[in-house]
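A.B. asks: Sequence and predicted structure, then a few things I'm wondering about:
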Amino acid sequence: MKKKVSINNIRNIGIIAHIDAGKTTVTERMLYYTGRSHKIGEVHDGEAVMDWMPDEQERGITITSAVTTCHWKRSEIQIIDTPGHVDFTIEVERSLRVLDGAIGVFCAVGGVEPQSETVWRQADKYLVPKIAFINKLDRVGASFFGAVEMMKERLNADPLILQLPVGSEDDFAGVIDLINMKQTVWEDDTLGETYTTEDIPRDFIETAEEYREKLIETIAEVDDDIMEAYLSETTIAPESLLAAIRRATIDLKLVPVLCGSALKNKGIQPLLDAIVQFLPSPVDIPPIKGVHPETGEIIECKAKDNDPLAALIFKVSMIEGRKLSYVRIYSGKMNAKADTYNPSRKINEKLSRILRMHANKRERIDSAGAGSIVGVVGLKESSTGETLCSIDHPVLLEKMEFYEPVISVAVEPKTHADQEKLDEVFEKFLAEDPTLKLKKDEDTGQSILSGMGELHLEVIISRMQREFKTNVNVGKPQVVYRETIEKEGEASAVFDKEVAGQRHLGEVTLKLMPLERGAGNRFKSEISDGTIPDIFISAIKKGVMESLESGAYMGYPVVDVEAALTGGSYKESLGTELAYTVSASMACKLALAKGKPFLLDPIMDVEVFVPEAFLGDVIGDLNSRSGKIESIEHKMGVQVIKAVVPLAHMFGYSTSLRSATQGRGTFTTQFSHFDRC
């Protein structure tokens, strides 16, 4: 039986980065050097342990975040390898929500790319301490210092350089450790397992001393102990530096920067050391706070096994038809076969099994304590973002926010047998992925599936056919527009009907006003004379918000509107919640129609990397797609075009770009904002 690791020695980390920066390759090396896997799996061969789904292996990208555990120098590292493609950004978001630390992997050629910025901001949102790893230093055009500068400019980060590369491009051989002032060089023919630590060569010593001085100065600015030693010109021991760097990293003041080449098996062991040395354990970060579901009292959930249970379901996965819930335990202990409580749904759930995960492989365990990330089988109704706690000490952790889909396709079954399976398959996908939305088109009988991008929906359709043997016809992708209004609109509505032998009567007057783009929807009550009793105001708000889910113009969701309740009437014994909910919904629809509704287009930020010879053709193509060029800059051998383009005009762009640039152009796209069509 494995010895239990102390909670102080647990590290829950995520690998985050732009697509193709080398996240999965870094993870594969970590698993190999820690003895978790006995063979290095390569992404380009479709053999990476963490990319286990057939779609991931075929496309060479990460689609779903995979969890695994490995051990390094008495510490247990629980790793989540996240996707880099913007379509699967929810996988990053929900992983960062439960992680204590993150490693940002940056390509030394591309530097800080658009999706790197997105995931870095997501980590900042959850106050996650980070380490940066500059990867691919063996590539032509690699620039370690260029990537560090981009971290300052684009991420507003304060990088702390701990290593310098020895050589570059084809000559990259190892790293100089500025803390211990030693050089580490890897032997090429040993899969990176063998490396030597030696004195820094005379050619590099001056540069190394210069950067060590900068390192100490940077730490001194944020750490009083180092500042005192620096000013008194006392020799600072490596142990003191390590302790100060750890404090500064956990306090989000500095980002330690390491470097290497994961594909060439160089630089990973020092990265593992840095994870243990600088990133926090569950007890090093402030306890997560929840609220009591009945009293609203704030409860601190401390990372202790003997405290009451508080855990968050951050992901649900359907593997071999069974529901597997991924859970982060913040406090207390979880035991197999035990009952637990879901305060969101007010139900008890039985934990039939607890599993330690290694990508798609599972190992049964009897219990798991605070700080653990585990798989749980047996939860029937609980879903992503919900809390599990003990029945005697209920606590509700903050729910997770999910993105709204921007693109949809019509899906219909090919045969009657497929029709029977389709609803069940949809149910499984919707349970897995909160960014997927499904609605039935009553006129055509088709199912309209909405997601975060073309690739997102492509993968879902592929999995539908591959995993669930469900054959479907798929329509062309359609943009999910939004609606808003141009001017104020006011309307009244009365609901007066007998339902199940009881008369329901309610009258509501609403005024709708347009808000600035991105403001969202708001509701306020302007009646203070008791025209409508306060107990019905929440029912009116519910009716308004439900009505805004489908606009008066073309039925798309309405955004950036403020609804004000300005009047109405109430008759005692006849006024009911149902009456006011329905009358508010009716008044809202009428007011929307009077407010001159119009459509809003989802606008995408597009960044195109293209060789100079093809620049004119690519710009011409973007202009033909109603794109607006914002900047063109030269970066590491290619021209980088930044533009904003309506999503409706981006369909099929990857094919156009490939043919216009002989396959040498690449692009990234992410949602920017909604604007008038």
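C.D. replies: Thanks, I have it.

A.B. asks: Ranking helices and strands of the chain by mean pLDDT, which lands last?
C.D. replies: Least confident helix or strand, the chain: helix 54-59 with a mean of 50, by mean pLDDT, DSSP states H and E.

A.B. asks: Need the contact partners of the helix or strand following it.
C.D. replies: Note on helix 54-59: by DSSP states H and E, the next helix or strand toward the C-terminus is strand 66-72. With CB atoms under 8 Å, 6 or more residues apart in numbering as the test, strand 66-72 has contacts from 5, 27, 30-31, 33-36, 49-52, 76-81, 272-273, 275-276, 326, 356-360, 373, 375. Every C-beta, even on glycine, is put in place using the N, C-alpha and C of the backbone.

A.B. asks: PyMOL command to pick out the buried ones of those?
C.D. replies: To isolate the buried members of the contacts of strand 66-72 in PyMOL, using 16 or more other CB atoms under 10 Å:
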select buried, resi 5+27+30+31+33+34+36+49+50+51+52+76+77+78+79+80+81+272+273+275+276+326+356+357+358+359+373+375
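
A.B. asks: Tell me which of the contacts of strand 66-72 fall in strands.
C.D. replies: Members of the contacts of strand 66-72 lying in strands (criterion: DSSP state E): Glu76, Ile77, Gln78, Ile79, Ile80, Asp81, Tyr326, Arg356, Met357, His358, Ile373, Gly375.

A.B. asks: With adjacent residues omitted, what lies nearest to the last one?
C.D. replies: Nearest-residue entry for Gly375: Leu355, 3.9 Å, with adjacent residues in sequence omitted and distances by CB to CB, 6 or more residues apart in numbering.

A.B. asks: Just list the residues touching the one you found, thanks.
C.D. replies: Counted by CB under 8 Å, 6+ apart, Leu355 has contacts Leu324, Arg362, Glu363, Arg364, Ile365, Val374, Gly375, Val376, Val377.

A.B. asks: where's Leu263 relative to Ala21, distance?
C.D. replies: Applying CB to CB, to the nearest Å, the value for Leu263 to Ala21 is 12 Å.

A.B. asks: hang on, the earlier thing: so what pairs up with the residue nearest to Gly375 in the strands?
C.D. replies: Using DSSP bridges, the beta-bridge partners of Leu355 come out as Arg364, Gly375.

A.B. asks: next one: Met513
C.D. replies: What pairs with Met513, by the bridge criterion (DSSP bridges), is Glu562.

A.B. asks: Model confidence for it, exactly?
C.D. replies: On pLDDT, Met513 comes in at 94.

A.B. asks: Return the distance of it relative to Gly616.
C.D. replies: Counting by CB to CB, the separation of Met513 from Gly616 is 46 Å.

A.B. asks: do you know how far Leu592 is from Ala563?
C.D. replies: Distance of Leu592 to Ala563, given as CB to CB: 10 Å.

A.B. asks: actually Ile391, not the one I typed
C.D. replies: Here Ile391 is placed at a distance of 40 Å from Ala563 (CB to CB).

A.B. asks: just Leu215 next, same as before
C.D. replies: Leu215 sits 56 Å away from Ala563 when distances are taken as CB to CB.

A.B. asks: What residues of stretch 212-228 count as buried?
C.D. replies: Using 16+ other CB under 10 Å as the test for burial, stretch 212-228 gives Arg212, Leu215, Ile216, Thr218, Ile219, Ala220, Val222, Asp223, Ile226, Met227.

A.B. asks: Tell me the span between the first and last residue of it.
C.D. replies: 17 Å (CA to CA, to the nearest Å).

A.B. asks: out of the ones in strands among the contacts of strand 66-72, who's nearest Asp423?
C.D. replies: Within those, the smallest distance to Asp423 is 25.0 Å, found for Tyr326 (CB to CB).

A.B. asks: quick one, what contacts that closest one?
C.D. replies: Here Tyr326 is in contact with Val67, Ile313, Phe314, Lys315, Val316, Ser317, Met357, Ile373, Val374, Gly375, Val376 (criterion: CB under 8 Å, 6+ apart).

A.B. asks: beta partners of the first one?
C.D. replies: Translated: Val67. When assigned by DSSP bridges, Val67 has beta-bridge partners Ile80.

A.B. asks: and the gap between it and Arg322?
C.D. replies: Counting by CB to CB, the gap from Val67 to Arg322 is 17 Å.

A.B. asks: between the two, who's got more neighbours?
C.D. replies: A side-by-side neighbour count of Val67 and Arg322, using other CB atoms under 10 Å, places Val67 first with 25 against 10.

A.B. asks: returning to that earlier point: would you mind measuring from the residue nearest to Gly375 to Ser450?
C.D. replies: 32 Å.

A.B. asks: before we move on, what about Asp188?
C.D. replies: Separation of Asp188 from Ser450 (CB to CB) stands at 49 Å.

A.B. asks: Those two: which has the busier surroundings?
C.D. replies: Ser450 (21 against 12).

A.B. asks: need the contact list for the more buried one.
C.D. replies: Residues counted as contacts of Ser450 (CB under 8 Å, 6+ apart) are Pro405, Val406, Ile407, Ser408, Leu436, Lys437, Leu438, Lys439, Val480.

A.B. asks: likewise Leu600?
C.D. replies: For Leu600, the contacting residues are Tyr481, Arg482, Glu483, Thr484, Arg517, Val559, Phe674, Asp675, Arg676, Cys677, by CB under 8 Å, 6+ apart.

A.B. asks: The fifth one touches Ile603, doesn't it?
C.D. replies: No. The pair Arg517 and Ile603 fails to qualify as a contact (CB atoms under 8 Å) at a distance of 10.1 Å.

A.B. asks: residues shared between the contacts of these two?
C.D. replies: Taking CB under 8 Å, 6+ apart as the criterion, Arg517 and Ile603 both touch His673, Phe674, Asp675.
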